[in-house]
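> From the sequence below, what's the structure:
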Amino acid sequence: MPVVELDELGSSAHSLTTEQGQRLARSGLVSAAPSALVPGQWDVAARGKVGVARVGDVDLWIRPKLDIARLLFLVGYAVDPKGWRDDEVELATGDGLVPAVANALWRQTERALRQGLLQGYREVEETSYVLRGRLREADQLRRHHGRVIPMELRHDDFTVDVAENQILLAAVTRMLTVPRVDDQSRQRLTALRVRLADVTSLIRGARLPAWRPNRLNARYHSALRLAEIVWQATSPEHAPGTVTATGFLFDLARVFEDFVTVGLAEALPTHAAGTAHRQYPCSLDEAAAVGMKPDLVWRVGGSPAAVVDAKYKQEKPEGYPNADLYQLLAYCTALGLRRGHLVYAKGNGLPARHVVRHAGVEIVCHALDLTLRPAELLGLIDRLARDLAGNK
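Numbering: from 1, shown residues only. Next up is the predicted model:
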């Protein structure tokens, strides 16, 4: 089986058949094109995702530039700021991204199930010869035309087949399909799937059921957050007609954006009164025909006071080398702000200040060093939040 190995932002040439190369290209996970110099070779380049996937009969392995523990810290913090911090990252003892996440998943799930499977009430509709619960009169008349039995009933059932257990089972099942899961994790995950045998399995393409944190499911919280991460990372989105890929892939741009905006949304209220809004809906024009959604807007007294856009790396589309600056200028203009903030990952963007001519708008570019220890990195987020709260 051919193996394509890439660095996070790297590219390399590989010997592939035409069918294999075309599958990679159609998958959308990487860019792939036939080599113009060597027949039978394809030039393959990463597109901002890290992890492993199997596309057709090709194993695709994209290594992150960040240390695995640091990457998992960013992911966990973004999904649940107070739930999965540096102590949970220590669970990930594998040498690679997939073994690390698989290791964390079975440990978190085992911890959640230590006191037994969570149970709860679920509304059930069934046809029965024994009266239980409430009669569904309309269904009874439509289906049985006046007969007394069987009966169409609705009742509440106390069961382990609740949303929380369904989410854990879905993540465990998905992780078992991922290439490069280590043997220990595979054994522990298989045992967990057996333990969750009485829980409904989600069909392929289904969405995870909704759940709400509460006192009763508190011991499940960390495991559920991680399970949601696993589900998202094992569900590459493709347009109709493209190649199906199975694997475990993080979208680094989304991870970074979530980390910055969730971190700031948590830190801002500690410095000033106001509300933080992620993906804030607004419009560029008076007719509201051109919609926009800045990554984060800080509102004070009902009015925008600061705007932030997070970019893992500088966007430089052909013909628009400063597209990020143009975008933030549009945000500032529409929101009536004199200053906007762009936050990059250090190494993918440079800190700078730009004063826009004839506009009176200043664009401040920040660069976060993701190699810092978690406490130091959160300190930078807190410092930026303090500046935003003071409108600096």
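
> residue ranges for the helices of the stretch 151-300 of the chain, please.
163-176, 183-195, 221-233, 252-267 (DSSP state H, counting those that start in this stretch).

> Tell me where the stretch 201-350 of the chain is predicted with low confidence.
204-205, 235-246, 315-321 (pLDDT under 70).

> returning to what we had before: quick one: which of the helices of the stretch 151-300 of the chain is nearest residue 39?
helix 252-267 (33.3 Å; Cβ to Cβ). Any C-beta I mention is one placed from the backbone N, CA and C, and that applies to glycine too.

> I'd like to know which elements the closest one is packed against.
helix 68-79, strand 275-278, strand 296-300, strand 303-311, helix 374-389 (3 or more Cβ pairs under 8 Å, 6 or more residues apart in numbering; DSSP states H and E).

> could you give the angle of it to helix 374-389?
70 degrees (axes from the mean of the first three to the mean of the last three Cα atoms, to 10 degrees).

> Might one say that residue 66 is in contact with residue 371?
Yes: if you go by Cβ atoms under 8 Å, residue 66 and residue 371 touch, sitting 7.2 Å apart.

> These two - which one has more neighbours?
A count of neighbours by other Cβ atoms under 10 Å puts residue 66 above the other of residue 66 and residue 371, at 19 against 14.

> Let me know the secondary structure of the more buried one.
Under DSSP: H, G, I helix; E, B strand; the rest coil, residue 66 falls in the coil class.

> Could you give the number of residues near residue 41?
Counted with other Cβ under 10 Å, residue 41 comes out at 16.

> What residues does it make contact with?
13-16, 34-35 (Cβ atoms under 8 Å, 6 or more residues apart in numbering).

> Let me know the closest of the residues you listed to residue 142.
Taking those together and measuring to residue 142 by Cβ to Cβ, the closest member is residue 16, at 57.8 Å.

> and that closest one, how far is that from residue 27?
Note on residue 16: its distance to residue 27, by Cβ to Cβ, to the nearest Å, is 13 Å.

> now swap in residue 266 and tell me
Distance from residue 266 to residue 27, by Cβ to Cβ: 35 Å.

> Pick out whichever of these two has more residues nearby.
residue 27 (22 against 17).

> The more buried one and residue 58 touch, don't they?
No: counting by Cβ under 8 Å, residue 27 sits too far from residue 58 to count as a contact (9.3 Å).

> need the strands for the stretch 51-200 of the chain, in chain order.
58-63, 120-128, 134-135, 151-159 (DSSP state E, counting those that start in this stretch).

> quick one on the thing from earlier: save the helices and strands packed on helix 252-267 as JSON lines, and put in distance to residue 122 too.
Formatted as JSON lines, the helices and strands packed on helix 252-267 follow (distance: least, Cβ to Cβ, whole Å):
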{"stretch": "helix 68-79", "distance to residue 122": "26"}
{"stretch": "strand 275-278", "distance to residue 122": "32"}
{"stretch": "strand 296-300", "distance to residue 122": "37"}
{"stretch": "strand 303-311", "distance to residue 122": "39"}
{"stretch": "helix 374-389", "distance to residue 122": "39"}
